[in-house]
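1. With the sequence up front, the predicted model follows.
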Amino acid sequence: MIRVVLTVLVAVALLAVSMPALEDARAVTTDERLEAESDRVERAIGGLASGSMSVSDPSLAARTTVTVRAPSGVAAARIDRLALVEPERPGDESGAALRYRIGGGRDRTVRIAPEAAAASVDVVDGPIALRTRGESRLELRLVDDEGPTVEISRLE
């Protein structure tokens, strides 16, 4: 009986010691997965801008869709908030970013910066709230707004 009690106490102590490391690993995994999602959006923006011509009529604009998947499962941390935003940038630069919050912590930002794209990026009616679990679909349109601009909006 004493062996069982001691075994349980040791198991509880080991679990208590390992929980902070497990939470850190989950946060790192979530960061990495959201960076991969931002890379996918960045490639979609670059592909649209390089392979199409911008037009002034949005209904005739070249468009594509991209799906953003919020990390989930045992290996990922719980995301409280996830949104596509226009980050504050110096000067006249454009762009977008995924802003998220893990488990009540601080806001984190992953930039979506298609440096090589010959178009600016505009988040339409931003910030765009994305699902913290599952998938959110975004529509990208290449319009002529005083120059080629990729407008990003959410599809329902």
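-> Looks like it arrived, so ask away. Residues are numbered from 1 along each chain as shown.
2. And the longest strand seen in the chain, what's buried?
-> Assignment by DSSP state E gives strand 134-144 as the longest strand of the chain. Using 16 or more other CB atoms under 10 Å as the test for burial, strand 134-144 gives 136, 138, 140-143. Glycine gets a C-beta too; all of them are placed from N, C-alpha and C.
3. What is the nearest of those to Arg33?
-> Comparing those against Arg33 with CB to CB places Ser136 closest, at 14.1 Å.
4. circling back to that earlier point, which element follows the longest strand of the chain toward the C-terminus?
-> Using DSSP states H and E, the helix or strand that follows strand 134-144 in sequence is strand 148-155.
5. For that following strand, which outside residues touch it?
-> Residues from elsewhere that reach strand 148-155 (CB atoms under 8 Å, 6 or more residues apart in numbering): 41, 45, 48-49, 54, 58, 61, 65, 84, 94, 96, 114, 117-126, 128-130, 136-143, 145.
6. Restrict these to the buried ones and give me that as a PyMOL selection.
-> A single PyMOL command is used to select the members of these judged buried by 16+ other CB under 10 Å:
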select buried, resi 41+45+48+49+54+61+84+94+96+114+117+119+120+121+122+123+128+130+136+138+140+141+142+143
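7. Among the contacts of strand 148-155, which ones are in helices?
-> 41, 45, 48-49 (DSSP state H).
8. tell me what the longest strand of the chain is packed against?
-> Helices and strands touching strand 134-144, by 3 or more CB pairs under 8 Å, 6 or more residues apart in numbering; DSSP states H and E, are helix 2-51, strand 62-70, strand 148-155.
9. hmm, back to that, which of the ones in helices among the contacts of strand 148-155 sit farthest apart?
-> Comparing all pairs in the ones in helices among the contacts of strand 148-155 by CB to CB, the longest separation belongs to Val41 and Ala49, at 12.5 Å.
10. what helix or strand is the residue nearest in space to the middle of the chain on?
-> A centroid search over the chain (CA atoms, centre = their mean) returns Leu98, at 3.9 Å, as the residue closest to the centre. Using DSSP H and E, Leu98 sits within strand 96-102.
11. and the next element down the chain from that strand?
-> Going down the chain from strand 96-102, the next helix or strand is strand 107-112, by DSSP H and E.
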